[in-house]
Every structure is written in C-alpha cells, then in structure tokens.
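[1] the sequence and its predicted three-dimensional model are supplied below.
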Amino acid sequence: MTHLPYAVAAWLFIIGLYGVASSRNLIHLVNCVGIVQSSSYVLLLAIGYRTGRVAPVFSDISPKTPAVDPIVQALMLTDVVVEVTVMALLLGLAVQIHKRHGTLNPDRLTKLSG
Amino acid sequence: MKRRARKLFFFISAVALGLLFALAYHGLPAIGLVESRYGDLVNAITVPERHITDAVTAVNFDVRGFDTLGEEFILFTSVMGVVLLMRRQKDEPGGNHEDKARGRVIPPASDAVRVTALLLVAPTIVFGLYIVAHGQVSPGGGFQGGVILSTASLLLYLCASYSQFRRAAPKRLIEAAEAFGATLYILIGAGGVLLGGLFLENVLPLGKAGTLASSGTVFFINLGVGLEVSGGLVLVLLIYLEELVEEKEQ
C-alpha cells in the first residue's frame, strides 16, 4: 500500500493513452489527453507528501513547523491552469475539424488537403 | 481489421510501458518518506527571508519566478491560439453541421437559476479578488483567483443573456486586460534590472510577514497574473459562446 499512488499515476497514464489510441471522437480524445496529464498531478503530490507533516502555509503556525514539500505543489498549481487552456485550444481544433470535414471521428479523417 | 491491429499494437506497448513504470518506481521510497532537501530549504527561508507565509506562492513567484513567467506565457499563447482558430474565416463552409437535433429550442434559464446566479456574481468577484490579493499570506494567488474571477462572467451569462454578457465584457477590453496582465509580469521583472539588481529580483520592501502588504514584488506579480488568467479564461468563454450563438442564428 505504501506505493499505491505511484501505481495510480501509472494506471491513469496508461488508461489515458488507451483512450487516445482507441478514440472514435475527437472530444473524447481531448478528455483522454486530460486524463494522461492528471497522472502527473498524482505523481507530483505523492512525491511531495511527508508523513505527519502539515501543509506548507505558515500564516497561523510557527515557521519552524515541519511541512510537506512546497515545490511539487507549486509545479502542480500552474500545471492545472495551463492544462485548462491547452484543452480549450485542442477543443478549438476539434471545432475547426468538424467545420471543415463534417466529422469528429479520427478514423474518417483520411483526406489530406494543403 | 485496422482497429483491431491498432489495439493489439497498443496493448503490447502498454504492457512494455507498464513494465518500465514498475522498473522506474522500483527503487523509490514509500509514500511519505521521500526526502526533499530543496523543499525543506524553501520551507525554512520562506518566512524569515521572503516574508511570505504561503510557501507555494514563495516558490512560484519568488524562488522560481522566471519559470512561472514561462508557464504564464504558455497560457497566453494557448488563449491566442483559441482566438485564432475560432475566428470567422471567409472560406469557411457554413451550414454543414450534421446536427441531428437541428431546430431544437434551448429552453430559457429558469427564474431560480437566474436569481441564484445574480446573487452569486458580486460575492464571486469579491472572493476572487481576495484570493488574488492574499496569495502571499494564505493558499491562493493570481492563478487560482483569476479562475474564480472568470467564473463571475459565466454567472453573468447564466443570469442574463449572451448579448448582455458581451456588453459587460467587451472583447477588446478583455484582450487588452489579458495582454496588460502578461506585460505587468515582465515590467516587474525588468524593474529589478532597472534598480540595479537581477531580472525578477524582489526589489521592493518586504513588509511584515502575514500581512497584506508583505512579500515585495510577489503581490504585484500576483495582480498581473490574476488579470491575465481571468482575462484569458473570459476570452475563451466569450469565443466559445460566440460560436454557439452564431450556429443558432444560421
């Protein structure tokens, strides 16, 4: 059980990739990319966690209180906001593809045009 | 069959990837026991040297402020990408949407939704500003507060209509606000150079830890990031809603 979060991160990554590889709809595919990325959140938080320590916020506790690692949490924070906008960009691509080709199924997008 | 071959190929690769994951995790310590010297170091300096009581903000906007600048510009370029992709194009084929639910009337929002949304607009804005301004004291900051602020515009859409939403949030103004927020970060960074220090050096007086007027430049960077994030997200919402409305008009 002590390594469970690592397994969860690996599982999310692989199941997200499965969704990308087997997708029949580009909107579903974008969500699967989001799932792949969420595995990084689990991994980062798992690495930063330290048993018996508090959150790294010292507004009402002594600055010397042992706290968990704030660096990975900071990495995750920007990751979340960036993911939202990147997904908006990918969904914008899906909208354009639907306009141009009338389908969202990647299997039917075989026409090349330059 | 093509699909089956693709899935078979995926399963073989997935098993290989799973094995690599297992191999990579094999030597890692158990959860809760990972040693992080840098994390402890940041926790030790954040209050005495940086006068910031939220270590996560200290990392994001002071210790690795330059990296956050890069991340903020990923956000900025993604939003610009959405703007570019979703703009009306002259040669765009119109009316080829095979919408099976064509002619479906979207029911208007009920009074309960309108009143609740209207009541929530002002508290959401205040809460968003509070989160933006208190990043150096408690969990929060420009990224989180900016997202909360942008939801206020969505509430406005729920309680009024798209045209009123547009009037309350003119696209030009939102674009300008977003660009100004992004520029503010660079200007604050350049301020460090102008005052004889390094780029993004915390040159302002640090103030008393745990109060609003603490942390030097971090507070102002958070304001800029808050403006940029809320502007960017409102712009994305505007553009997607525009698409919806134009499709209905066709």
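    Here it is on my side, so go on. Residues are numbered from 1 along each chain as shown, chains lettered A, B, ... in the order given.
[2] let's test this: mean pLDDT of the biggest helix by length in chain B, rounded?
    Counting residues, the longest helix in chain B under DSSP state H turns out to be helix B:217-249. For helix B:217-249, mean pLDDT is 86.
[3] so for it, what gets flagged as buried?
    Going by neighbour count (16 or more other C-beta atoms under 10 Å in any protein chain shown), the buried part of helix B:217-249 is B:217-242. Heads up, the C-betas are built off the backbone N, CA and C, glycines and all.
[4] now swap in stretch B:46-62 and tell me
    B:46-47, B:50-62.
[5] who's in contact with stretch B:36-45?
    The contact list for stretch B:36-45, computed with C-beta atoms under 8 Å, 6 or more residues apart in numbering or on different chains, reads A:47-48, A:50, A:56, A:63, A:66-72, B:55, B:58-59, B:63.
[6] hmm, try it at 6 Å
    A:56, A:67, A:69-71, B:55, B:59 (C-beta atoms under 6 Å, 6 or more residues apart in numbering or on different chains).
[7] sort out which of these are in helices and list them.
    Per DSSP H, these map to helices at A:70-71, B:55.
[8] residues contacting B:S215?
    Contacts of B:S215 by C-beta under 6 Å, 6+ apart are B:51-52, B:136.
[9] distance of it from A:K64?
    19 Å (C-beta to C-beta, to the nearest Å).
[10] what does B:A213 give?
    For B:A213, the distance to A:K64 - C-beta to C-beta - is 24 Å.
[11] next: A:V30.
    The gap separating A:V30 from A:K64 is 45 Å, by C-beta to C-beta.
[12] so where is chain A shaky, pLDDT-wise?
    A:1, A:112-114 (pLDDT under 70).
[13] for it, what lies in contact range of chain B?
    Applying C-beta under 6 Å from any C-beta of the partner chain, one finds that chain A approaches chain B through A:2, A:5-6, A:10, A:14, A:21, A:46-47, A:49-51, A:56-59, A:63, A:67, A:69-71, A:73-74, A:78, A:81-82, A:85-86, A:88-89, A:92, A:96, A:102.
[14] now, of those residues, which are buried?
    In the residues of chain A next to chain B, the ones that pass as buried (16+ other C-beta under 10 Å) are A:5-6, A:10, A:14, A:21, A:46-47, A:49-50, A:56-59, A:63, A:67, A:69-71, A:73-74, A:78, A:81-82, A:85-86, A:88-89, A:92.
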